[in-house]
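Undergrad: Whatever this is, show me its structure:
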Amino acid sequence: MAYSSISISQDMASMATEICNQIASIFSKPTHPYLPPLDLLVTELSTVASQKARVFLYGVGREGLMLKAFCMRLAHLGLSAHLVFDMTTPPITAGDLLIASAGPGGFSTVDALCSVARSNGGRVLLLTAQPETGSCVKHASAVAYVPAQTMANDVDEAVDVKSRPLLPMGSVYEGALFVLFEMVVYKLGELLGERPEAVRSRHTNLE
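TA: Numbers count the residues shown, from 1 in each chain. Take a look at the predicted model:
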């Protein structure tokens, strides 16, 4: 049976609304005793900017993709921002900040990198959905709690395992990271007095 263009558009709009609503709902959940992640990230990054220190970012899988996008925008805001494992990434030193993500609570690589950052005098801001049980928290100077579903809690035995969620595994957490980072970029740019034309001027022209 062929679908009309109108029915296809309505279906797309309905799915998009549901996805956006699922992600938006994360930001109405309480984070106590942790600071709201937006406030924490803006505070930490404004300190980095004022001290002319550097910020390093790392995450695995799709979380890592969100952090790569965030790193690019931080560079556009004029910060010295670097992705861990890039060929030109400098060493982390005292006063620098590592922002790492471990949605389910812990990854061996994230654990190791956070430990190295702390041992070299850097601060570690950990993004996670499992602040109480995750192995990475012990290395964190500050914890940004993002209360979203990850692969640590995506299986509900009370629900039919054959059902297909619209946002599987860690998609809610990963989507929430993207939205959170866009909010941070907006608030941080406002705080730093960055005009749109200045931000745009830092975008690469080697494309």
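Undergrad: How about the residue nearest to the spatial centre of the chain: what's its closest non-neighbour residue?
TA: The centroid of the chain falls nearest to residue 177 when counting by Cα atoms, centre = their mean (3.8 Å). Counting by Cβ to Cβ, 6 or more residues apart in numbering, residue 177 lies nearest to residue 66, which is 4.1 Å off, once chain neighbours are set aside. In this view, the C-beta of every residue, glycine as well, is placed from N, C-alpha and C.
Undergrad: Test my guess that the one you found contacts residue 100.
TA: No: in this structure residue 66 lies outside contact range of residue 100 using Cβ atoms under 8 Å: 12.0 Å.
Undergrad: how near is the nearest residue to residue 98 once chain neighbours are set aside to residue 108?
TA: Leaving aside its chain neighbours, residue 98 sits nearest to residue 117 (4.1 Å; criterion: Cβ to Cβ, 6+ apart). Separation of residue 117 from residue 108 (Cβ to Cβ, to the nearest Å): 15 Å.
Undergrad: Those two: which has the busier surroundings?
TA: More neighbours surround residue 117 than the other of residue 117 and residue 108, with 23 against 10 (other Cβ atoms under 10 Å).
Undergrad: rewinding a little: residue 66 and residue 100: which has the busier surroundings?
TA: Comparing residue 66 with residue 100 by other Cβ under 10 Å, the one with more neighbours is residue 100, at 28 against 24.
Undergrad: I'd say the more buried one and residue 59 touch.
TA: Yes: taking Cβ under 8 Å as the definition, residue 100 is a contact partner of residue 59 at 6.5 Å.
Undergrad: Which residues are in contact with each of these two?
TA: The contact sets of residue 100 and residue 59 overlap at 110, 127 (Cβ atoms under 8 Å, 6 or more residues apart in numbering).
Undergrad: Run through the helices of the protein in chain order.
TA: Assigned by DSSP state H, the chain shows helices spanning 5-25, 37-50, 61-76, 108-119, 171-192, 196-201.
Undergrad: okay, and the common contacts of residue 66 and residue 100?
TA: residue 59.
Undergrad: ok, now how distant is the residue nearest to residue 98 from residue 137?
TA: For residue 117 relative to residue 137 (Cβ to Cβ), the value is 14 Å.
Undergrad: and the helices of the chain as JSON lines, adding distance to residue 145?
TA: Shown next, in JSON lines, are the helices of the chain (distance: least, Cβ to Cβ, whole Å):
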{"stretch": "helix 5-25", "distance to residue 145": "15"}
{"stretch": "helix 37-50", "distance to residue 145": "7"}
{"stretch": "helix 61-76", "distance to residue 145": "15"}
{"stretch": "helix 108-119", "distance to residue 145": "16"}
{"stretch": "helix 171-192", "distance to residue 145": "11"}
{"stretch": "helix 196-201", "distance to residue 145": "28"}
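Undergrad: Residue 87: which of those is closest?
TA: Closest approach to residue 87 among those is made by helix 61-76 (14.6 Å; Cβ to Cβ).
Undergrad: Just the CA coordinates for the closest one, please, in CSV.
TA: Extracted C-alpha coordinates of helix 61-76, given in CSV (Å, rounded to 0.1, in the frame of the first residue of the first chain):
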residue,chain,number,x,y,z
GLY,A,61,31.2,5.1,20.8
ARG,A,62,28.2,7.5,20.1
GLU,A,63,29.0,9.4,23.3
GLY,A,64,32.4,10.1,21.8
LEU,A,65,30.7,11.5,18.7
MET,A,66,28.7,13.9,20.8
LEU,A,67,31.9,15.1,22.5
LYS,A,68,33.6,15.6,19.2
ALA,A,69,30.8,17.9,18.1
PHE,A,70,31.1,19.7,21.4
CYS,A,71,34.8,20.1,21.1
MET,A,72,34.4,21.7,17.7
ARG,A,73,32.0,24.3,19.1
LEU,A,74,34.3,25.0,22.1
ALA,A,75,37.1,25.8,19.6
HIS,A,76,34.7,28.1,17.7
